[in-house]
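J.: Got a predicted structure here, sequence first:
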Amino acid sequence: MREKFSQDKLDRCISCGYCLPACPTYKLTGNEESSPRGRITLMRAVQNDKLPALDLLQESSFCLGCRACEPVCPAGVEYGVLLEEMRDITWQGKNRPLIIRGLFAIVDSKIGMWGLGLFSPMARRREANKDLHLMYGCFERRLFPSVSRAVAKLAPEVSCSSDQGCCGALHAHNGELEKGKEMAKALGAKLPGTILTTAGGCAAHLSSVIGADRVQEFSQWWFKRDIELKPITKAGRKIRVGLQDSCHLRNGMGVFVEPREILKQLGDLVEVPGAADCCGAAGSYALLQKKNSRKVVSQKIADIKALNLDYIATVNPGCTRQLVTELRRARVKTKVIHLAELVANSQIQ
Amino acid sequence: MSASDLVAKLTTLLGSDGVRSDAVSLQAYSRDATPMFEGLPEVIVAPRNTQEVSKIVKFAHDTKTPIIARGAGSNLCAATVPLNGGIVMSMTSMNKVLEVAKSEMIAIVQPGVTNLDLDQLVEKEGLRFVPDPGSRNVSTIGGNVATSAGGLRGLKYGTTRNYILGLEAVLGTGEIIRTGGRLVKDVAGYDVTRLLVGSEGTLAVFTEITVALAPRPEASKYGVAYFEDLAAAADAVEKIITSGILPATLEFLDNTCLVAVEDFAHLGLDTKAGALLLFGDDGDLVSIEQSVGKMAEIAKSSAGCRGVTLAADIAAAEALLYARRCSLPALARLSSLSILEDIAVPRKSMAEAVKRIEAIGVKHGLRIGTFGHAGDGNLHPTIVLDKDNPKEVAAAEAALAEIFALPLEFGGTITGEHGVGSAKLPYLEAKIGPANMQLQRDIKKVFDPAGILNPGRIGS
């Protein structure tokens, strides 16, 4: 358990406020304390004993952790790390949300991970290239098993090992920073060579611990393969498809061109307004902060509806779940699909 | 009045959702973008319209409670830090553009609209909101007016004060006044509009702002020139301007900034140069081709020039502008604290002033980088220091006093575009003289008899 923030990371912030317009929770409230700069002011107050650490609880939960503040920061503040530290400091013992404790319990145990994979029609175990491993993801293997199947079908050279735990992103983002790092290292040791993942959030966490050279997010990896894809058609025309960026993939790893280039081959790519903005899934946020999560996504749902898309492609399972739920609630017919599945569909034709 | 009474009374006036007083909120509003200034307010209010602003200010007047109107809190002179407690009135909920009149080339906005949002909105009409402070993506028009914010285009286009036609504002008594209007020509009465621009929230609170817009130029073009030292760059600037060109952009970086920027952004800058000069112009394609070409020639033939490059495309131009924009953050990375200052001198004294600033740095053992606007003589000396080293902090304070005295020798000013705030108030009288200082105090009393509006700042 952490007690202090990294002082050098706090010092980085020059309080210019350039992050304010990029922050979804500042947009919702207009309140300084709900902005990245405001939260750093609060962290400094805690660091200097001007404010009790537990006063940070509300803001540490309200923040989506989307890191949209990072690319716009002229001073290079690592806000994502500071947020993880803030949760590490405040979300201890009974202050950790029950849902998070439950999720930890599942992925922390062998039985839990086994249970997530049980009867799941995810990609079958196989040995192929020893230096290229597909990562199933913890909840992704249960919720969206077709994603790993799609990747396995697209690339016979990819190995699929059944002996793999959670990457620890869940822990790192929810107040167990050190444990999250250990889990990433453990996964890195289990899966030698390059780890291929279909989850932007996992990719960002994993690469921050074991190095970007060992981690490939699906769109990054596929784009480099340079295989020409056939357009997917519907009723004799190319499909209309939009993209929802993964926050950590875009803001943490700077990957946003690749998925778009792939989609341009598959159909008519329509840029959804605010595609780069958080969809409100934000890992476990949609479970913990249901109301705020819906407020964050509402404009996006209206925009997708207005564009009359056939598909909205995702690159992270949390976003898939959020958009499926919210589009269904709004009775929008646009189908949410992981980019890997869409690529696999093109190959079939 | 006790803090809890204050909160209770304001809640009666505004309803509970416009009033906050929890420890977290108060802490968050305890500072702005100025380092080393902090103060806790007692309550934060967020009015939604002019009537609410009037009610709040009247309440503050009647109870003699300090009140500070705050936009995005991006100012660099500690103009919105609640050093006397009291009320912080956040204007960000009043963020509507009320009207854009294309044929009159004006817009009427509420104070909480950001500079960038307004400019992007009027772009659709082929127009531009000209003032472009570095903070434009976050700073509000209300804050821009309160500090008469400048920017990178000062020489050719002026600053915020040249674009404000009319105001609706609430005086320190709660009374609502209107000044100016929609017209370019209007000399009815004293020019109260102009007086309120740059008044830093000490005379009135703006609730509606009428701004002048300009046609959006077709394109921009940029180039960069390197010089042996800043004196050589300043000579080139002098030649450019006396040749009859009025460029939109003339920015410089000294060697300390150049090295810091290159280390940070790896743009391939000539780090051996004593100064970098970024020049550019906007307008129709033919005329900017001519003016920027001519600027490049003048720079090239100037003594001490090490090389000139014209940006071939938008990406190259963006890289050059980025070099200038990231000067402050690049310097800020060198240590835990950076203090950005804002003096201005007549252009002919610029090189001499920068040399003197360098000497001040050496004398106090401090690292000082200077960048700024070469066209209008506005310099931003930036001191980088370790905030936990009391010796360096004391040295920085001594150096700052010398830096503020410096421009006065040249007929310059202690602040070109950031404002006086609390940070530079001790140096104001030296700049404007005792009689003018007294006049400022007298003016303040007329607008704000109870002395509640941003107390402790200009004229208080």
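T.: The structure has been received and is ready for your questions.
J.: And for the closest residue to B:Thr413 other than its chain neighbours, the neighbour number?
T.: If the residues on either side of it in the chain are set aside, B:Thr413 comes closest to B:Ala344, at 5.0 Å by Cβ to Cβ, 6 or more residues apart in numbering or on different chains. Using the backbone N, CA and C atoms, a C-beta is placed for each residue, glycine as well. Residues contacting B:Ala344 under the criterion other Cβ atoms under 10 Å in any protein chain shown number 24.
J.: B:Ala344 and chain A, how far apart?
T.: Distance, B:Ala344 to chain A, using Cβ to the nearest Cβ, to the nearest Å: 21 Å.
J.: Now do the phi/psi pair for A:Lys110.
T.: In terms of degrees, to the nearest 10, the main-chain angles of A:Lys110 are phi -60, psi -40.
J.: Just the helices from the stretch 1-150 of chain A, written as ranges.
T.: Here the stretch 1-150 of chain A has its helices, by DSSP state H, counting those that start in this stretch, at A:7-11, A:24-29, A:36-47, A:57-62, A:79-90, A:98-108, A:110-117, A:140-143, A:145-154.
J.: Now do the contacts for the residue nearest to B:Thr413.
T.: B:Asp376, B:Gly377, B:Asn378, B:Leu379, B:Pro407, B:Gly412, B:Thr413, B:Thr415, B:Gly416, B:Glu417 (Cβ atoms under 8 Å, 6 or more residues apart in numbering or on different chains).
J.: Mind checking which of those residues are in strands?
T.: Using DSSP state E, the subset of these located in strands is B:Asn378, B:Leu379.
J.: which one of the contacts of B:Ala344 sits closest to chain A?
T.: B:Glu417 (15.1 Å; Cβ to the nearest Cβ).
J.: What's the per-residue pLDDT of that closest one here?
T.: What the model reports for B:Glu417 is a pLDDT of 96.
J.: Would you mind measuring from it to B:Ala317?
T.: Spatial separation of B:Glu417 from B:Ala317 under the definition Cβ to Cβ, to the nearest Å is 23 Å.
J.: Those two - which one has more neighbours?
T.: When B:Glu417 and B:Ala317 are compared for neighbours, B:Glu417 comes out ahead with 25 against 19, by other Cβ under 10 Å.
J.: Report the contact partners of the more buried one.
T.: Contacts of B:Glu417 (Cβ under 8 Å, 6+ apart): B:Pro133, B:Thr147, B:Ser148, B:Ala149, B:Gly150, B:Gly151, B:Gly154, B:Thr159, B:Asp342, B:Ala344, B:Asn378.
J.: can you check B:Ile141 too?
T.: B:Val109, B:Pro111, B:Gly112, B:Val113, B:Thr114, B:Asn115, B:Leu118, B:Ile209, B:Val211.
J.: if you set the cut-off to 10 Å instead, what comes out?
T.: B:Ile141 makes contact with B:71, B:91, B:95, B:97, B:107, B:109-115, B:117-118, B:129, B:131, B:149, B:160, B:163-164, B:206, B:209, B:211, according to Cβ atoms under 10 Å, 6 or more residues apart in numbering or on different chains.
J.: Nearest residue to A:Ala75 in space, please, no chain neighbours.
T.: Leaving aside its sequence neighbours, A:Ala75 sits nearest to B:Pro329 (Cβ to Cβ, 6+ apart; 4.4 Å).
J.: pLDDT wise, what is that neighbour at?
T.: 83.
J.: before we move on, what SS does it have?
T.: Applying DSSP: H, G, I helix; E, B strand; the rest coil to B:Pro329 yields a three-state assignment of helix.
J.: from the contacts of B:Ile141, which are also near chain A?
T.: Applying Cβ under 10 Å from any Cβ of the partner chain, the subset of these adjacent to chain A comprises B:Gly71, B:Met91, B:Asn95, B:Gly112, B:Thr114, B:Asp117.
J.: From those, pick the one nearest chain A.
T.: Distance to chain A across these (Cβ to the nearest Cβ) is lowest for B:Thr114, with 6.7 Å.
J.: Would you agree the closest one is in contact with B:Met91?
T.: No: assessed by Cβ atoms under 10 Å, B:Thr114 is found out of contact with B:Met91, at 11.4 Å.
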